[in-house]
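Whatever this is, show me its structure:
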Amino acid sequence: MSIKVFLADDHNMMREAIHLLLEKETDIKVVGEAADGQATLEAVRRIKPDVVIMDISMPALNGIETTRKIATKFHGVKVIALSVHSERRFVFHMFKAGAVGYVLKDCAFKELICAIRTVIEKNIYISPEIATIVVKDYIRRSLKDDLSAFSVLTDREREVLQLITEGNATKQIALLLKVSIKTIETHRLQIMEKLKIHSIAELTKYAIREGLTSL
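So this is what the prediction gives:
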């Protein structure tokens, strides 16, 4: 059975070019076109395509809002953004709205074909250029919220934490590290404050979970 594809783009030449190229694929059939968001919604309601190739910048209703309405009202219809915009905000707004693919308009046509077949298999497709943006943003956000021992604690604090959770007393740790007892007590307070953990039992659980020590 052919994959039913709908084209939503306000540029006639773009729609015609994509239509002609898609029709050459034996497993894909273009079932309709529209030049604005409102017309796209009405057509999707009637036709119920498998995939909508969605431009972001369209009159009447932009591609982001159109995608959000499709994702809300027509479950099972998959939206792939096909846009000139590679900026992070456009990518994230489209995926947040419910898109399952994002392809740049200057990509090779075979990439769009790949995206269509990928989303039909219930996977997400992102152009390689866009993937770089997504990964960098994910890393940045993850580091911001990261409470792992290797990002929150200093090398010395991790060392002290391990020794504490292995059952060493403050005096023993001070002797091992050749520092004063007061220094170890300060490290312990700083560790607890940074991790928002205030008992040795919870510190031990944390250290095991982080791989700093073992049972």
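
tell me the contacts of the spatially closest residue to residue 152 that is not a sequence neighbour?
The shortest distance from residue 152 to any residue other than its chain neighbours is 5.2 Å, reached at residue 194 (CB to CB, 6 or more residues apart in numbering). All C-beta atoms are positioned from the backbone trio N, CA, C, and that covers glycine. By CB atoms under 8 Å, 6 or more residues apart in numbering, the residues touching residue 194 are 152, 153, 157.

A helix includes residue 194, no?
Yes: following the definition DSSP: H, G, I helix; E, B strand; the rest coil, residue 194 is counted among the residues of a helix.

mind listing which of the contacts of residue 194 are in helices?
Using DSSP state H, the members of those that fall in helices are 152, 157.

what's the weakest-modelled helix or strand in the chain?
Between all helices and strands in the chain, the lowest mean by mean pLDDT, DSSP states H and E belongs to helix 128-145, at a mean of 69.

Identify the spatial nearest neighbour of the spatially most central residue of the chain, chain neighbours not counted.
Central residue check for the chain by CA atoms, centre = their mean: the C-alpha nearest the mean position is that of residue 134, 6.1 Å away. If you skip the residues right next to it in sequence, residue 134 has residue 126 as its closest partner in space, 6.2 Å away by CB to CB, 6+ apart.

ok, the one you found - how many residues close by?
By the measure other CB atoms under 10 Å, the count of residues near residue 126 is 21.

so where is the protein shaky, pLDDT-wise?
When residues are selected by pLDDT under 70, those of the chain lie in 137-148, 215.

Can you show me the strands along it?
Secondary structure of the chain (DSSP state E): strands located at 3-8, 28-34, 51-54, 78-83, 101-104, 125-126.

Check which helices and strands the longest one sits against.
The helices and strands touching strand 28-34, judged by 3 or more CB pairs under 8 Å, 6 or more residues apart in numbering; DSSP states H and E, are strand 3-8, helix 12-22, helix 37-47.

Could you look over those and pick the most buried one?
Across these, averaging neighbours per residue (mean count of other CB atoms under 10 Å) puts strand 3-8 on top, at a mean of 23.

what's the angle from it to helix 12-22?
Angle, strand 3-8 to helix 12-22, by axes from the mean of the first three to the mean of the last three CA atoms, to 10 degrees: 170 degrees.

Report the strands that pair with strand 3-8, each with its relative direction.
For strand 3-8, the paired strands and their directions (DSSP bridges) read strand 28-34 (parallel), strand 51-54 (parallel).
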